[in-house]
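Colleague: pasting the sequence and the predicted coordinates here, then a few questions.
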Amino acid sequence: MMTLVSAQSVDQVFVNLDHWLVAHTPAPLQPLAAILLIIVPILAIFPGLFALTTVLERKGLGRMQNRFGPNRVGPLGLLQPVADGIKALTKEDIVPRSADALLHFLAPVVIVCTAFLAYAVLPIGRNMIAVHLDAGILFFFAIGSATELAVFMAGWSSRNKYSLLGAMRAIAQMISYEIPLILSSVAVIMIAGTLSPEQIVTAQAGFTGIFPHWYVFTPWGFAGFFLFMTAAAAETNRSPFDLPEGESEIIAGYFIEYSGFKFALFFLAEYLEIFAVSGLGITLFLGGWSAPFSFLTWIPSWCWFFAKLLVLIATFIWIRGTLPRLRMDQLMNFAWKFMLPMTLLEILSAGIWRFFPQSGFWPVVRWLACALLLAVPYILLARGLEHGRRIEKRVYRYAEES
């Protein structure tokens, strides 16, 4: 084994280990072994990352809010997820008498399964992808849309008006932000000319000096990354877009009638979706598993993928501890009156970037044209939203005085 590892680069040690284990499995069991060696790491790594993230998020929010996070279970409170998991497993599973028992049971199972399926097309490292699909991006979004079905199953099967209202609110939000999420990815697909996540990462390979050719360093790519991650936060119900779980309005959203381990599955699925959509954002705009500088290419590719993923997760936690929750009308206005126009302009900007001449002074003109095409409408749309909020305040004030 040591000879095998020393003969290959550290970057491909897991790929080589996988091939070695399959080769030393009896021939009739090799297809099953190959499948298990792909599935088991995904089922182990990302739930483990979920457990770590819950501790870091609770500690980080505690530090931001000048209070203690979990610090009792294990050293520095790091075993708190284990205690939470045992508690969820031992709690009574309560099902409302009037609920549809089958759909009530299937909803958390479906949402977790769809969350795991999204990882099948994410290139975690060089030659480290579960399924090689030419239309991997299309598969990712198709699987993600099944989440809305699970949310509706949970709300409707509970036979609770608050659960149903929470489900309809969640579905309205997810559909509204799924459109800009997909449209912000179209520009990358146009430039790369492929729907394959692996080929999109390959298209961003290479360096100019020490700097990489990531799409985020272009005007349309920077705007696309901002729009993509904003829509991703709303799609996964992260603050400040966590309206489906607004306790002050609808108790606790579509899973109010869930308890015990079923509730924990919804919690797990939400974080798995955050990891998956962040991984797709890394693939589309941040070069996937590629290094940020040419002199750091000796570090294994999978290390860079998870480093970028942890940075995005930390950003989500920071935003949750910083921004207040939006109202439902503000949430929908932001999606349809700002996000959607900006994603369409991003696609237009990517087209200009693609077909402008790339010799002489034209690259500078191309850069400025794309930047202005995105900056000016951004300012106008932002001012329009602010003007709309001022009019709403005047209407409310007038209504109160009258």
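Modeller: Yep, it's here.

Colleague: wait, Phe293 sits on Thr208?
Modeller: No. Using Cβ atoms under 8 Å, Phe293 makes no contact with Thr208, being 11.3 Å away. Every C-beta, even on glycine, is put in place using the N, C-alpha and C of the backbone.

Colleague: all the strands of the chain, residue numbers only.
Modeller: For the chain, the strands defined by DSSP state E occupy 207-208, 211-212.

Colleague: excluding chain neighbours, what is closest to Gly155?
Modeller: Ala167 (2.3 Å; Cβ to Cβ, 6 or more residues apart in numbering).

Colleague: and the strands of the chain, which one's lowest on average pLDDT?
Modeller: Here the lowest mean pLDDT among the strands of the chain goes to strand 207-208, at a mean of 80.

Colleague: tell me the strands beside it, with direction?
Modeller: The strands beside strand 207-208 in its sheet (DSSP bridges) come out as strand 211-212 (antiparallel).

Colleague: gap between the residue nearest the centre of the chain and Ile317?
Modeller: The C-alpha lying nearest the average C-alpha coordinate of the chain belongs to Val277 (Cα atoms, centre = their mean; 2.4 Å). Per Cβ to Cβ, to the nearest Å, Val277 is found 15 Å from Ile317.

Colleague: also Ala34?
Modeller: In terms of Cβ to Cβ, Ala34 sits 36 Å off from Ile317.

Colleague: show me which of those two is the more surrounded one.
Modeller: Higher neighbour count among Ala34 and Ile317: Ile317, with 20 against 15, using other Cβ atoms under 10 Å.

Colleague: pull the number of nearby residues for Ile299.
Modeller: Residues near Ile299, counting by other Cβ under 10 Å: 13.

Colleague: cool, and the one 10 residues further on?
Modeller: Leu309 has 20 neighbours, counted by other Cβ under 10 Å.

Colleague: hang on, isn't it packed against Gly281?
Modeller: No. In this structure, Leu309 is not within contact of Gly281 by Cβ under 8 Å, at 9.4 Å.

Colleague: contacting residues around Pro81?
Modeller: Residues in contact with Pro81 (Cβ atoms under 8 Å, 6 or more residues apart in numbering) are 50-52, 54-55.

Colleague: list the buried residues for stretch 53-65?
Modeller: 53-60, 62 (16 or more other Cβ atoms under 10 Å).

Colleague: same thing with stretch 157-168?
Modeller: 157-158, 160, 162-168.

Colleague: can you check stretch 309-328 too?
Modeller: In stretch 309-328, counting by 16+ other Cβ under 10 Å, buried: 309, 312-313, 316-317, 319-320, 325-326.

Colleague: and it, end to end?
Modeller: 29 Å (Cα to Cα, to the nearest Å).

Colleague: show me which of the buried residues of stretch 53-65 is closest to Leu243.
Modeller: Nearest to Leu243 among those: Glu57, at 19.3 Å, using Cβ to Cβ.

Colleague: give the contact list for that closest one.
Modeller: 317, 320.
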